[in-house]
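J.: I would like to see how this sequence folds:
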Amino acid sequence: MKTVIQIVLIVAIIALGYLCVESINKPIRFQEQHALREEANVEKLIYTRNAQVAYKSVYNKYTGSFDTLINFILTDSLPLVKKEGSLTDSMLEAGMTEIKALALGIIKRDTIRVSVKDSLFPENYPVDSLGFIPFIDGLESYEMGAGVVITGSGVKVQVFEAKVHNNIYLKGLEAQEVINLNDKTQKLERYPGLKVGSLEEANNNAGNWE
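T.: Predicted coordinates:
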């Protein structure tokens, strides 16, 4: 009987020790995975923002479709001014302007077209997967929309928004930690996830991680 009690106590001590260690390690593992996933998603949202800004420079509006945005990246181009020569300090002091210098052939300015993809993305970047959320099973996409908001002074401003909820991009991690994170951000009246731009206000396409 005494041996049985000793065995039960040993098992209980081991179990208690394991639970204590897990109570410490679980939040640490979550923070590590959270940081890893956040970094990967922020990178994609920044690339999305850059592509949206380029799209607007060509079409004077943003798009709410990743298919449209990706097609633009892969098939369209942007104007780039190729500069040869520059005005020296002495030329500027003498009243020389760039227009005059161009007319005299002192400097040259030529506009060329460059691929959107080559301009905005690293070589071999998988543009086709830009809209997909990394680290989770399946092909879930970011929510994205575009529209127009009217400022307090009555000015119409083109806007876009791309976002992903904590519940989505942190799927598979410790559920209670995700719940705690959601509660914290909602108490601060912030979006519980990662978001760039806004469909409600003109915020200069800021990301909520910035």
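J.: rest of the way, CA atoms for contacts and neighbours
T.: Noted.
J.: Give the buried residues for the strand or helix carrying residue 176.
T.: In this structure, residue 176 is located in helix 175-187 according to DSSP states H and E. By neighbour count on 16 or more other Cα atoms under 10 Å, the buried set for helix 175-187 is 177-178, 182.
J.: Closest one to residue 64 out of those, please.
T.: Nearest to residue 64 among those: residue 182, at 25.8 Å, using Cα to Cα.
J.: that older thread, who are the neighbours of the helix holding residue 176, in terms of helices and strands?
T.: In this structure, helix 175-187 packs against helix 166-169, with contacts taken as 3 or more Cα pairs under 8 Å, 6 or more residues apart in numbering; DSSP states H and E.
J.: how about the nearest residue to the residue most central in space within the chain, chain neighbours excluded?
T.: Taking Cα atoms, centre = their mean as the criterion, residue 45 is the residue nearest the geometric centre of the chain, at 1.9 Å. For residue 45, ignoring the flanking residues on the chain, the nearest one in space by Cα to Cα, 6 or more residues apart in numbering is residue 196 at 6.6 Å.
J.: So that neighbour lies in a strand, does it not?
T.: Yes. Assessed with DSSP: H, G, I helix; E, B strand; the rest coil, residue 196 lies in a strand.
J.: pLDDT score assigned to residue 46?
T.: Predicted confidence (pLDDT) at residue 46: the value is 98.
J.: tell me the contacts of it?
T.: Residue 46 makes contact with residue 196, according to Cα atoms under 8 Å, 6 or more residues apart in numbering.
J.: can you pull out the strands in this protein?
T.: Read by DSSP state E, the chain holds these strands, from start to end of the chain: 77-84, 108-115, 143-150, 156-165, 193-197.
J.: Of the ones you listed, which is nearest residue 124?
T.: For the strands of the chain, the distance to residue 124 is smallest for strand 108-115, at 13.6 Å, taking Cα to Cα.
J.: and the closest one, average pLDDT?
T.: For strand 108-115, the mean pLDDT works out to 73.
J.: burial measure for residue 27, as a count.
T.: Residue 27 has 14 neighbours, counted by other Cα atoms under 10 Å.
J.: ugh, wrong one, residue 192
T.: Using other Cα under 10 Å, residue 192 is surrounded by 22 other residues.
J.: Would you confirm that residue 45 contacts residue 160?
T.: No. With contact defined as Cα atoms under 8 Å, residue 45 does not reach residue 160; the gap is 11.8 Å.
J.: Out of the buried residues of helix 175-187, which is nearest to residue 128?
T.: Of all those, the one with the least separation from residue 128 (Cα to Cα) is residue 178, at 29.0 Å.
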